[in-house]
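> Sharing a model prediction with you, sequence too.
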Amino acid sequence: MNVSSHTLNRAEAALLDLDLEALRGLVGEALTTSPELEVFETLVTPALERIGRSWEDGDLALAQVYMASRLVERLVEEHLVAGQLAHRSQPLMAMAVLEDHHVLGKRLVLASLRLGGWAVEDWGVASDPALLAERAHAAGLGILLISTLMDRSARRVAEVVRTLQALGASTRVVVGGAPFRLNPDLCREVGAEATVAEASAVPALLASLVGAP
């Protein structure tokens, strides 16, 4: 799905104005030609990421990022419904947002995985990297997926990885979000196992990691 700069500008403005009806209209228009997950990946996600970058540049208040993300959360609830889980052999998996109080990236990934038959626990927002690692180790996670929106949060994934290593955990860390798309080397720098640019690509990545068909 190709989204024009004008449409992205309208989506960003709707988020900043907290105009749910305007955002619904844009999404509804896009849904006439594209599937739901693709619409969120190519329209809603980039608009929210623009707002996150504006905050990092000092042009917006953190409260604006938070309120925009809550608006997106309502829209996700309306459109993305998880499919029936298939019975597949897989390691225990969970997903969390690190520090950033946003849900879009996590929701898109969870929807994509569940629609593909992967069982993944939703661990919400984690504010402490070390505690997240300890929880993953205690739960016996095979794979921990971490979503971030801000660069500083993405770099704290390194603390998660170091803590897991110190605990002797075998948990593999998969990361995603704007910072990892904008900086291809960041995944390696924080010690994560892998990353992908789009939520729809995560099921194939997990299949390659666990050797599933």
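On my side now, so go ahead.
> low-scoring stretches of this protein, by residue?
For the chain, applying pLDDT under 70 flags the ranges 80-89, 101-103, 115-116, 212-213.
> residue closest to the middle of it?
residue 105 (2.4 Å; Cα atoms, centre = their mean).
> What's the first helix or strand after the helix or strand containing residue 163?
For residue 163, the element it lies in under DSSP states H and E is helix 157-167. Using DSSP H and E, the helix or strand that directly follows helix 157-167 along the chain is strand 172-177.
> Mind exporting the C-alpha coordinates of that next one to CSV?
The C-alpha coordinates for strand 172-177 follow below in CSV (Å, rounded to 0.1, in the frame of the first residue of the first chain):
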residue,chain,number,x,y,z
ARG,A,172,16.5,-15.1,22.7
VAL,A,173,15.7,-11.4,22.2
VAL,A,174,13.9,-10.2,19.1
VAL,A,175,13.4,-6.4,18.7
GLY,A,176,11.4,-4.0,16.6
GLY,A,177,10.3,-0.5,16.2
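> What pairs with it, parallel or antiparallel?
strand 143-148 (parallel), strand 194-195 (parallel) (DSSP bridges).
> Make sure residue 46 is actually in contact with residue 3.
Yes. In this structure residue 46 lies within contact range of residue 3 using Cβ atoms under 8 Å: 7.2 Å. In this view, the C-beta of every residue, glycine as well, is placed from N, C-alpha and C.
> The two: which is more packed in?
Between residue 46 and residue 3, residue 3 has the larger neighbour count (other Cβ atoms under 10 Å), namely 18 against 15.
> So the more buried one versus residue 52, what's the distance?
Distance, residue 3 to residue 52, by Cβ to Cβ, to the nearest Å: 17 Å.
> Counting neighbours, which bits of the longest helix along the chain end up buried?
Across the chain, the longest stretch assigned as helix under DSSP state H is helix 62-79. Neighbour counts over helix 62-79 (16 or more other Cβ atoms under 10 Å) mark 64-65, 68-69, 71-72, 75-76, 79 as buried.
> Widest-spaced pair of those?
64 and 79 (23.0 Å; Cβ to Cβ).
> picking that back up, a markdown table please, covering the strands paired with strand 172-177 and showing distance to residue 170 and mean neighbour count.
A markdown table is the format used below for the strands paired with strand 172-177 (distance: least, Cβ to Cβ, whole Å; neighbours: other Cβ atoms under 10 Å):
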| stretch | distance to residue 170 | mean neighbour count |
| --- | --- | --- |
| strand 143-148 | 10 | 28 |
| strand 194-195 | 15 | 22 |
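> Just put those strands in a markdown table and tack on distance to residue 126.
Converted to a markdown table, the strands paired with strand 172-177 look like this (distance: least, Cβ to Cβ, whole Å):
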| stretch | distance to residue 126 |
| --- | --- |
| strand 143-148 | 8 |
| strand 194-195 | 18 |
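> Relative to the whole chain's centre, how far out is stretch 26-33?
Between the mean C-alpha point of stretch 26-33 and the mean C-alpha point of its chain there is a distance of 22 Å (Cα atoms, centre = their mean, to the nearest Å).
> what sits up against that stretch?
1, 3, 7, 10-11, 14, 39-40, 43-44, 75, 79 (Cβ atoms under 8 Å, 6 or more residues apart in numbering).
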